[in-house]
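Student: Sequence and predicted structure, then a few things I'm wondering about:
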Amino acid sequence: MAKDSVTITHNGTGKSFEYALKQGTIGPPAVDITALYRDAGIFTYDPGFMATASCHSAITYIDGEQGILLYRGYPIEQLATKASFLEVAYLLMHGDLPNEVRLDEFEHVISRHTMLNENLKNFLAGFHYDAHPMAILCGVVGSLSAFYHDSLDVHDADHRLISARRLIAKVPTIAAAAYKHNVGEPIMYPRNDLRYCANFLHMMFATPCEDYEPSLIAEKALNLLFILHADHEQNASTSTVRLAGSSGANPFACIAAGIASLWGPAHGGANEAVLDMLEEIGDVGNAPKYMDKAKDKDDPFRLMGFGHRVYKNYDPRAKIIREVCHQVLNELADANNPMFDLALKLEEIALSDDYFVERRLYPNVDFYSGIIYQALGIPRNMFTVMFAVARTVGWVSHWMEMMGDPNNRIGRPRQIYHGPPTRDYLPFSQRSG
Ligand code: CMC
């Protein structure tokens, strides 16, 4: 038997089947069981994909044991301190860092796609004034497929690239418009002379009566948060985008599906939930009570911003954000931010608590990000929208990778059926109950 294979023996029939191990550049190998059902008539069962690789990918690598995150091979710590968000976007989409000319071209193209079709404003106007901006984002991004028919042929690589660029360019415009709708201010047009993050802050905070000059520290902080949130391999929303796209659905519909998945509190919705939680706890003195609630299996309360499916070590993104929090809060004259102090204290308590230590629960990317967003003046219900703006880059990169793969097949999991076996239709007179 080959060393790079796994043998599965069916104890009932005594038959054995050999399956090859697939090895990536780094990381554990995966046993290729695609022929298992054909060979042995059995499925595998892995709810939540605890041990299942759903695809090949060359975009992002995570080592959850060591707390390592690489985008196309580059450590996140290097990109976060040295690169611009659009440079990282190019890297994720195309595989390599751009040279200066390519980056200029890319920035130019993205800035030329930032405007929305004017009729899209009618969609925005239809939402209730207090609609959650994630609801608006999900609906309006989905509606883009009704406006941009000229880039919807998913089998054409040029169309795919145009759609991907349109999404990266237009999602921030829609996100800021959702905020403006909430606060009842006119939607601001994008400014092509500004960099990506500065333009986003302009669309959020300028009004037709008053311009807004984003501070360099605000722009830098946003650039960093967007880089850290740009991709995270096969997380729930990215897997949703891939599954939706595997049927040949158009990219705008797929990204809308990703936004819907991201909204959940176990995923991107956690950054909003962390601030709700910190506000509820209110004071360090209440921390023990809430720690007990988090550990109580009969209580739905969880320490939001803690724990991760993959990281069993400190999330490297949380480490960077925690450091930057100090810097941003100091520079924005918000040094005595009580939420940040409480978060630091909670982390300290949790990391010395047996429950969290045994389960290897550490702060994740969402634990500190909301504190920075809040210091930048971003309202709490926009936190997950901010995550979506950044993650759009990851979603389109994965979608393009999948659609360009000649082996791509429709995603179609199997199940273990627990319903009634075959039975006959009965007339009313013979039905019980
Ligand atoms: N507070 C209290 N207990 C927790 C927490 C938490 N935040 N996270 C996990 N646990 C416990 C869990 O109850 C379980 O205990 P036991 O083994 O006794 O049953 C154990 O730790 C393992 O947790 P799990 O729920 O089986 O782990 P998972 O991989 O299915 O879930 C998670 C991962 C992120 C959904 C979960 O840790 C969680 O709900 N965290 C809070 C929400 C959050 O911060 N989400 C953001 C994730 S990172 C960014 C993103 O993905 O968008």
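Tutor: Sure thing, it's come through.
Student: Can you get me a residue count around F17?
Tutor: F17 has 16 neighbouring residues, counting by other Cβ atoms under 10 Å. Using the backbone N, CA and C atoms, a C-beta is placed for each residue, glycine as well.
Student: which SS class is it?
Tutor: At F17, secondary structure determined by DSSP: H, G, I helix; E, B strand; the rest coil is strand.
Student: quick one, helices of the stretch 101-250 of the chain?
Tutor: Using DSSP state H, counting those that start in this stretch, the helices of the stretch 101-250 of the chain run over residues 120-125, 133-143, 157-183, 196-205, 216-229, 236-246.
Student: Kindly tell me how buried L225 is, as a neighbour count.
Tutor: Other residues within reach of L225 by the criterion other Cβ under 10 Å amount to 30.
Student: Tell me, what's the model's pLDDT at it?
Tutor: Predicted confidence (pLDDT) for L225: 96.
Student: picking up where we left off before, mean pLDDT for the helices of the stretch 101-250 of the chain: which is lowest?
Tutor: Per-stretch mean pLDDT for the helices of the stretch 101-250 of the chain is lowest at helix 120-125 (a mean of 89).
Student: related to what we said a few turns ago, can I get the helices of the stretch 101-250 of the chain in JSON lines including distance to V328?
Tutor: Conversion of the helices of the stretch 101-250 of the chain to JSON lines gives the following (distance: least, Cβ to Cβ, whole Å):
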{"stretch": "helix 120-125", "distance to V328": "30"}
{"stretch": "helix 133-143", "distance to V328": "22"}
{"stretch": "helix 157-183", "distance to V328": "20"}
{"stretch": "helix 196-205", "distance to V328": "13"}
{"stretch": "helix 216-229", "distance to V328": "5"}
{"stretch": "helix 236-246", "distance to V328": "26"}
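Student: before we move on, what SS does the residue of the stretch 1-150 of the chain found nearest the ligand have?
Tutor: For the stretch 1-150 of the chain, the residue closest to the ligand is G48, as judged by Cβ to the nearest ligand atom, at 6.0 Å. Secondary structure, three-state DSSP: G48 is helix.
Student: does the nearest residue to it once chain neighbours are set aside sit in a helix, a strand or a coil?
Tutor: Counting by Cβ to Cβ, 6 or more residues apart in numbering, R309 is the residue found nearest to G48 once chain neighbours are left out, at 7.8 Å. Of the three states, R309 takes coil under three-state DSSP.
Student: pLDDT value on R309, please?
Tutor: Per-residue pLDDT puts R309 at 94.
Student: same question, A333
Tutor: The predicted local confidence for A333 is 63.
Student: Tell me how many other residues surround the residue in the chain that the ligand sits nearest to.
Tutor: Closest to the ligand within the chain is G307: 2.3 Å, counting by Cβ to the nearest ligand atom. Counted with other Cβ under 10 Å, the burial measure for G307 works out to 21 neighbours.
Student: and what of I59?
Tutor: Here the number of neighbours of I59 (other Cβ under 10 Å) works out to 21.
Student: Leaving aside the residues adjacent along the chain, what's closest to it?
Tutor: Counting by Cβ to Cβ, 6+ apart, I59 lies nearest to S397, which is 5.5 Å off, once chain neighbours are set aside.
Student: what sits against that neighbour?
Tutor: By Cβ atoms under 8 Å, 6 or more residues apart in numbering, the residues touching S397 are I59, L92, M93, A164, D231.
Student: re the thing from before, quick check on the residue nearest to G48: phi, psi?
Tutor: Dihedral pair for R309: phi -60, psi -40, per degrees, to the nearest 10.
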